[in-house]
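Colleague: below are the sequence and a predicted model; questions follow.
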Amino acid sequence: MKKFIAALLFIVGMMGVCFAEQNITVLKYKVKCADAEGVIPYIDGTAVEDYEKMANKVIFDVVKKIVRAVGNKGTFSYAVQLNRSSVVSVLLKAQNGTKECYTGLNLDLTKGNDASIHEFFVADKNTKQLLGDYKAYLLTEQGVYLQDDVKGKFNRFLPYSELLPSVRIGEAGRLFQIARLSRRCEGKVLIVPRHSLIAIQLDANPSTGYHWDAVLPESGKIIKVASSFILPPQEKARTGVPGKEIVFLYADDAGLYDVEFQYKRGWEKFNVDKFQVTVSVRE
C-alpha cells in the first residue's frame with residue numbers, strides 16, 4: 001500500500017504533464033484475411049510511430065489467428081473497450097456459421113505490445129485470488145473482464161474497486177482519470193466520470209495527532225482508497241512541522257454524493273475543523 005500511495009503522489013504531481021485527457025485515434029479498417037472479410041481497429045497519430053506500427057501488426061496477427069480458429073472463412077469484427085492516452089483495449093471476434101472465436105488485446109502504446117495484466121496490477125495474493133485461472137483479459141471502463149475458456153466469451157467481471165489496492169506503481173494514471181482538489185472545493189460540486197480517482201490535498205500536521213477523515217455516503221459508491229502526508233520540499237529532513245495530507249477517493253458508481261471531511265484526533269469524538277464537497281459522478 002505504501003508503494004501504491006507513492007505512485008499516486010507522483011501521478012497527482014505530474015498528471016498535467018504526463019497524462020493529458022486525450023484518447024488514441026482508432027480507425028476502422030476493412031480488410032480480407034484468408035477467405036474471411038471484416039473490419040479491424042487501426043491505431044494512428046501516436047507519439048512514437050515505431051510503436052504504432054508494432055501495435056497494428058499485433059492486431060493483424062491476432063486477427064489471422066482467430067480467423068484460422070474458425071476455418072479461415074466467415075467474418076470478423078472488433079469493439080473498443082477502453083481508450084486512454086497510452087492504452088487501448090479491444091475485443092476481437094471471428095465467426096463462421098456457428099463457429100465463434102473471441103480474444104482480447106490490451107495494447108500498450110508506450111511499447112507497441114499486447115500488455116500482460118501484471119503490467120498494470122501487481123501479482124500479489126489479492127490479484128491471484130481474484131483472477132484465478134484465466135486465459136485472457138480485457139481492460140474496460142468499469143473493470144476487468146476475464147476469459148476462462150480459450151476462444152470463449154469474456155464472461156467473468158472484476159470491478160476496479162476490488163483490484164485498486166494492487167495497481168502497479170506509476171500505472172494508475174494510465175487507467176483512471178484523476179481529479180485533483182484543494183480546500184477551495186468547499187461548498188462546490190465536483191463532476192467526475194465513473195471510476196475516477198479523486199485526490200484532495202489539505203493542510204495538516206499529524207505530529208499533533210490530528211488527521212483528515214472522510215465521512216462517506218452509506219451507499220458505498222464513494223470509496224476511500226488511502227491517505228498520505230507529505231512535507232514541503234524544504235522541510236523533508238524535519239518532523240513535527242505542518243505539511244499536506246492527501247486523501248484518495250474512488251468514484252465507483254454514478255450519482256450525487258455529499259462527502260464531509262473532518263479534522264480530528266482518532267481517539268476524540270469531536271472535530272476541530274470540517275468542510276463538505278458534493279461529488280457528482282456521471283455515467
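Modeller: Perfect, thanks for sending it.
Colleague: what is the nearest residue to residue 105 once chain neighbours are set aside paired to in the beta sheet?
Modeller: With CB to CB, 6 or more residues apart in numbering as the criterion, residue 105 has its nearest non-adjacent residue at 4.8 Å, and that residue is residue 90. (Glycine included, C-beta is placed from N, CA and C.) Applying DSSP bridges to residue 90 gives these bridge partners: residue 80, residue 105.
Colleague: give me every residue that touches residue 90.
Modeller: Residue 90 sits next to 41, 59, 78-81, 104-105, 107 when contact means CB atoms under 8 Å, 6 or more residues apart in numbering.
Colleague: report the separation between it and residue 26.
Modeller: The spacing between residue 90 and residue 26, counted by CB to CB, to the nearest Å, is 8 Å.
Colleague: now the common contact residues for those two.
Modeller: 41, 80.
Colleague: next one: residue 243 from residue 202, what distance?
Modeller: The value you get for residue 243 to residue 202, if CB to CB is used, is 10 Å.
Colleague: with residue 61 instead?
Modeller: 50 Å.
Colleague: quick one, helices of the stretch 151-283 of the chain?
Modeller: Counting by DSSP state H, counting those that start in this stretch, residue ranges of the helices within the stretch 151-283 of the chain are 160-163, 172-175.
Colleague: how far off centre is the first one?
Modeller: Distance of helix 160-163 from its chain centroid, counting by CA atoms, centre = their mean, to the nearest Å, is 9 Å.
Colleague: other SSEs contacting that helix?
Modeller: helix 125-131, strand 143-147 (3 or more CB pairs under 8 Å, 6 or more residues apart in numbering; DSSP states H and E).
Colleague: report the buried residues of it.
Modeller: 160-161, 163 (16 or more other CB atoms under 10 Å).
Colleague: and residue 66, which of the three is it?
Modeller: Three-state call for residue 66 (DSSP: H, G, I helix; E, B strand; the rest coil): helix.
Colleague: contacts only, for it.
Modeller: 76, 92-94, 101-103, 151.
Colleague: and the two most separated of these?
Modeller: 76 and 151 (13.2 Å; CB to CB).
Colleague: neighbour count winner among these two?
Modeller: residue 76 (22 against 16; other CB atoms under 10 Å).
Colleague: can you tell which of the helices of the stretch 151-283 of the chain is closest to residue 270?
Modeller: Closest among the helices of the stretch 151-283 of the chain, once you apply CB to CB, is helix 160-163, at 31.2 Å.
Colleague: which other residues reach that closest one?
Modeller: Residues contacting helix 160-163 (CB under 8 Å, 6+ apart): 121, 126-127, 130, 142-144, 175-176, 195, 223, 250, 252.
Colleague: if you rank these by neighbours, which is first?
Modeller: Ranked by the number of neighbours (other CB under 10 Å), these place residue 144 first, at 29 neighbours.
Colleague: near the nearest residue to residue 47 once chain neighbours are set aside, how many other residues are there?
Modeller: Excluding the flanking residues, the one nearest residue 47 by CB to CB, 6+ apart is residue 109, at 8.0 Å. Applying other CB under 10 Å, we find 22 residues neighbouring residue 109.
Colleague: residue 109 contacts residue 50, correct?
Modeller: No - here residue 109 lies out of contact with residue 50, judged by CB atoms under 8 Å, at a distance of 11.0 Å.
Colleague: which residues touch stretch 210-217?
Modeller: Stretch 210-217 is touched from outside by 202, 204, 222-224, 227, 229, 245, 247, 249, 257-266, 271-272, with contacts defined as CB under 8 Å, 6+ apart.
Colleague: among those residues, the buried ones, what's the ChimeraX command?
Modeller: ChimeraX command restricting these to the buried ones, with burial defined by 16+ other CB under 10 Å:
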select :202,204,222,227,229,245,247,249,257,259,261,262,263,264,271
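Colleague: correct me, but residue 189 touches residue 276?
Modeller: No - counting by CB under 8 Å, residue 189 stays clear of residue 276, with 10.8 Å between them.
Colleague: between the two, who's got more neighbours?
Modeller: Neighbour totals were compared for residue 189 and residue 276, and residue 276 leads with 14 against 10 (other CB under 10 Å).
Colleague: separation between the closest residue to the more buried one other than its chain neighbours and residue 193?
Modeller: The spatial neighbour of residue 276 that comes closest, neighbours along the chain excluded (CB to CB, 6+ apart), is residue 260 at 4.7 Å. According to CB to CB, residue 260 and residue 193 sit 23 Å apart.
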